[in-house]
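could you look at this predicted model? Sequence included:
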Amino acid sequence: MKRLIAAFAALCLALPAGLAWTTRMAGAQEFPTRGITMIVVFAPGGATDVLARIVADHMSRTLHQRVVVENVTGAGGTIGGARGAQAAPDGYTLTVGSLGSHAAAPSIYRNIAYDPRELQPIGLIAGTPMFFVVRNGHPAQTMAEFLAMAREHPGRISNANAGIGSTNHLACALFSHLTGARMNDIPYRGEGPAMNDVVAQQVDSACLLAPAAVPQIAAGTLRALLVAATERNPNAAAIPSAPEAGVPDYIFQGWNAVFAPRGTPPEVVARLDAALRAALADPAIQRRIGELGSLPAQPAQQGPEALRGLLRTEVPRWATVIRAAGIEQQ
């Protein structure tokens, strides 16, 4: 009888732990049981938005729940970044950010409401080359002609960007720092609106990421003077590389990645990571991203730990660039 009582007592003590383990496993297997919101920190039509929608559609099929994109714009992507960071850490609110919003922002905004390095990374989507473009009808036909005009008339050439601290803003700040060109910078609430005004010939120039720039270049609605890379982009092969255009040090590649709030359970992170990896492994998705001039994240670049490592290098690197370029803190 004593042995029976002891065994029963041991069973009772073990039961809560067993129930907790069972509950955790059930939660991991069930997630997600409802739709997921994917916050995009810039307006529709820009690189961040386009890439987010491509992977969100595929992840919806893998997770068997809708992944709905919500554009939350402003302050160089930090308004959307803050909302995503402060969401419940349950996997139902994700954020797609960029180099600007999730690497450079801490060095630009005094009161940023999140530290990108403290978020839960899910994974990199793609690297995104940068193009320097001008409106149709702009008199400069080459980068040499553009620089001559910009230096002769400082501040006269209007230049659109996706907002203070955005990847586009950083790219053009670096361009000005390297070339001495001084332009009249005009911030927008995203790359899409900035691009639209260049296409509409309301603004002279812009630095545009490949998913925004390449379709417009192909359509002939704007002209690119260079791609900020050491080699030409295969999806815009007529555009000279930075060295060919006479600006050999202007090498710039943005990136876009998916984040969850800090404290998201590991089993939920694993489920989301697997869904994103499945999207990036799909040849159709790789082709779509490539057609936009971007570079899909390769297996070694994918996953939470790879993205965490990228942030460890990118945040301090851009702090140095921002100081050197003289970008004032907001």
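Done, it's in.

residues contacting A105?
With contacts defined as CB atoms under 8 Å, 6 or more residues apart in numbering, A105 is in contact with G76, G77, T78, G81, I112, P116, G165. All C-beta spots, glycine's among them, are computed from the backbone N, C-alpha and C.

skipping adjacent residues, who's closest to the last one in space?
To tie it back to what came earlier, the one meant is G165. Across the structure, with CB to CB, 6 or more residues apart in numbering as the measure, the residue nearest G165 apart from its sequence neighbours is G76 (3.1 Å).

which residue ranges of this protein form strands?
For the chain, the strands identified by DSSP state E occupy 36-40, 67-71, 93-98, 120-135, 158-161, 184-187, 205-209, 222-227, 253-260, 295-296, in order along the chain.

can you list the strands that the fifth one pairs with?
Under the criterion DSSP bridges, strand 158-161 sits next to strand 184-187 (parallel), strand 205-209 (parallel) in its sheet.

deepest of these, which one?
When you average the neighbours per residue for each of the strands paired with strand 158-161 (mean count of other CB atoms under 10 Å), strand 205-209 leads with a mean of 30.

any residues touching that strand, and which ones?
For strand 205-209, the external contacting residues (CB under 8 Å, 6+ apart) are 46-47, 128-135, 138, 146, 157-161, 167-168, 171-172, 175, 183, 191, 194-195, 198, 216, 228, 254, 294.

what angle separates it from strand 253-260?
Inter-element angle recorded for strand 205-209 and strand 253-260: 50 degrees (by axes from the mean of the first three to the mean of the last three CA atoms, to 10 degrees).

show me where pLDDT drops low in this protein?
Counting by pLDDT under 70, the ranges of the chain that qualify are 1-29.

tell me the domain boundaries of it?
Domain assignment for the chain by automatic domain parsing gives 36-128+254-325, 129-236.

so which of the ones you listed gets nearest V247?
Shortest separation from V247 across those is recorded for domain 129-236, at 6.1 Å, computed as CB to CB.

please enumerate the helices of the stretch 51-200 of the chain.
In the stretch 51-200 of the chain, helices defined by DSSP state H, counting those that start in this stretch lie at 78-85, 99, 105-108, 143-152, 167-179, 191-199, listed in chain order.

in CSV: the strands paired with strand 158-161, plus distance to A260.
CSV is the format used below for those (distance: least, CB to CB, whole Å):
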stretch, distance to A260
strand 184-187, 28
strand 205-209, 23
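
nearest to R287, of those strands?
The stretch from these with the least distance to R287 (CB to CB) is strand 205-209; that distance is 18.4 Å.

picking that back up, I'd like the strands of the chain as TSV, with distance to P304 appended.
Shown next, in TSV, are those (distance: least, CB to CB, whole Å):
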stretch	distance to P304
strand 36-40	17
strand 67-71	18
strand 93-98	13
strand 120-135	5
strand 158-161	30
strand 184-187	32
strand 205-209	24
strand 222-227	30
strand 253-260	9
strand 295-296	17
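
which of these is buried the deepest?
Using mean count of other CB under 10 Å, the stretch among these with the greatest mean number of neighbours is strand 205-209 (a mean of 30).

that one vs strand 222-227, what angle?
70 degrees.

could you number the chain from 57 rather than 1 from now on?
In the new numbering, first residue 57, that becomes strand 261-265.

picking up where we left off before, what about the strands paired with strand 214-217, which gets the closest to M115?
Each of the strands paired with strand 214-217 was checked against M115 via CB to CB, and the shortest separation belongs to strand 261-265, namely 21.4 Å.

the closest one vs strand 176-191, what angle?
Between the axes of strand 261-265 and strand 176-191, defined by the same axes, to 10 degrees, the angle is 150 degrees.

so what's the nearest residue to D105 once chain neighbours are set aside up against?
Closest residue in space to D105, ignoring its immediate chain neighbours: V96 at 5.0 Å, by CB to CB, 6+ apart. Shown here is V96, whose contacts under the criterion CB under 8 Å, 6+ apart are T104, D105, A108, V125, E126, N127, V128, G136, T151, V152.

in a markdown table: the residues you listed, plus distance to R344.
As requested, the contacts of V96 are exported to a markdown table (distance: CB to CB, whole Å):
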| residue | distance to R344 |
| --- | --- |
| T104 | 15 |
| D105 | 14 |
| A108 | 13 |
| V125 | 16 |
| E126 | 21 |
| N127 | 20 |
| V128 | 24 |
| G136 | 23 |
| T151 | 22 |
| V152 | 16 |
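
out of those residues, the closest to Q386 would be?
Closest approach between the contacts of V96 and Q386, by CB to CB: G136, at 16.1 Å.

separation between the closest one and Q258?
Distance of G136 to Q258, computed by CB to CB, to the nearest Å: 25 Å.

looking at the two, which is more packed in?
In this view G136 and Q258 are compared by other CB atoms under 10 Å, and G136 has more residues nearby, 25 against 12.
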